[in-house]
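Peer 1: Need the 3D shape of this:
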Amino acid sequence: MQNNENLVLLHVESAREQLYQALKKYGFLTHPKVIEQSVALDRLLNQYSSQKTVC
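Peer 2: Have a look, this model is predicted:
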């Protein structure tokens, strides 16, 4: 299970970086691409959180 958690954490870090880049590129939080990336990050964080509570 630890490997799966580590994999999700890697995806979280990647999604977080993509969010920063989208914000830098589009310039405001309400741009659809920024919101889309924020939602993707939220999903990964929820996935990680649910894995942690199961263990």
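
Peer 1: Just the element for residue 29, please.
Peer 2: Assigned by DSSP states H and E, residue 29 belongs to no helix or strand.

Peer 1: mind listing what it touches?
Peer 2: Counting by Cβ atoms under 8 Å, 6 or more residues apart in numbering, residue 29 touches 23, 35. All C-beta atoms are positioned from the backbone trio N, CA, C, and that covers glycine.

Peer 1: Could you do the one 5 residues further on as well?
Peer 2: Contact partners of residue 34, counting by Cβ under 8 Å, 6+ apart, are 19, 22, 23, 26, 28.

Peer 1: Sitting in helices, which of those residues do you find?
Peer 2: 19, 22, 23, 26 (DSSP state H).

Peer 1: give me the element the residue most central in space within the chain is part of.
Peer 2: A centroid search over the chain (Cα atoms, centre = their mean) returns residue 41, at 2.1 Å, as the residue closest to the centre. Secondary-structure assignment from DSSP H and E places residue 41 in helix 32-54.

Peer 1: Which positions within that helix qualify as buried?
Peer 2: Across helix 32-54, burial judged by 16 or more other Cβ atoms under 10 Å covers 34, 37, 38, 41, 44, 45, 48.

Peer 1: Could you give the average pLDDT over it?
Peer 2: The pLDDT scores in helix 32-54 average 93.

Peer 1: How far does that helix sit from its chain's centre?
Peer 2: 5 Å (Cα atoms, centre = their mean, to the nearest Å).

Peer 1: CA atoms only for it, dumped as CSV, please.
Peer 2: Taking C-alpha atoms only, helix 32-54 is exported to CSV below (Å, rounded to 0.1, in the frame of the first residue of the first chain):
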residue,chain,number,x,y,z
PRO,A,32,-11.3,27.8,-16.7
LYS,A,33,-7.9,26.1,-17.1
VAL,A,34,-6.9,27.1,-13.6
ILE,A,35,-10.1,25.8,-12.2
GLU,A,36,-9.8,22.6,-14.2
GLN,A,37,-6.3,22.0,-12.8
SER,A,38,-7.5,22.9,-9.2
VAL,A,39,-10.2,20.3,-9.5
ALA,A,40,-7.7,17.7,-10.7
LEU,A,41,-5.5,18.5,-7.7
ASP,A,42,-8.4,18.3,-5.3
ARG,A,43,-9.3,14.8,-6.6
LEU,A,44,-5.8,13.6,-6.1
LEU,A,45,-5.7,15.0,-2.6
ASN,A,46,-9.0,13.3,-1.8
GLN,A,47,-7.7,10.0,-3.2
TYR,A,48,-4.6,10.3,-1.0
SER,A,49,-6.6,11.3,2.1
SER,A,50,-9.0,8.3,1.6
GLN,A,51,-6.0,5.9,1.3
LYS,A,52,-4.5,7.3,4.5
THR,A,53,-7.8,6.8,6.5
VAL,A,54,-8.2,3.2,5.2
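
Peer 1: Thank you, goodbye.
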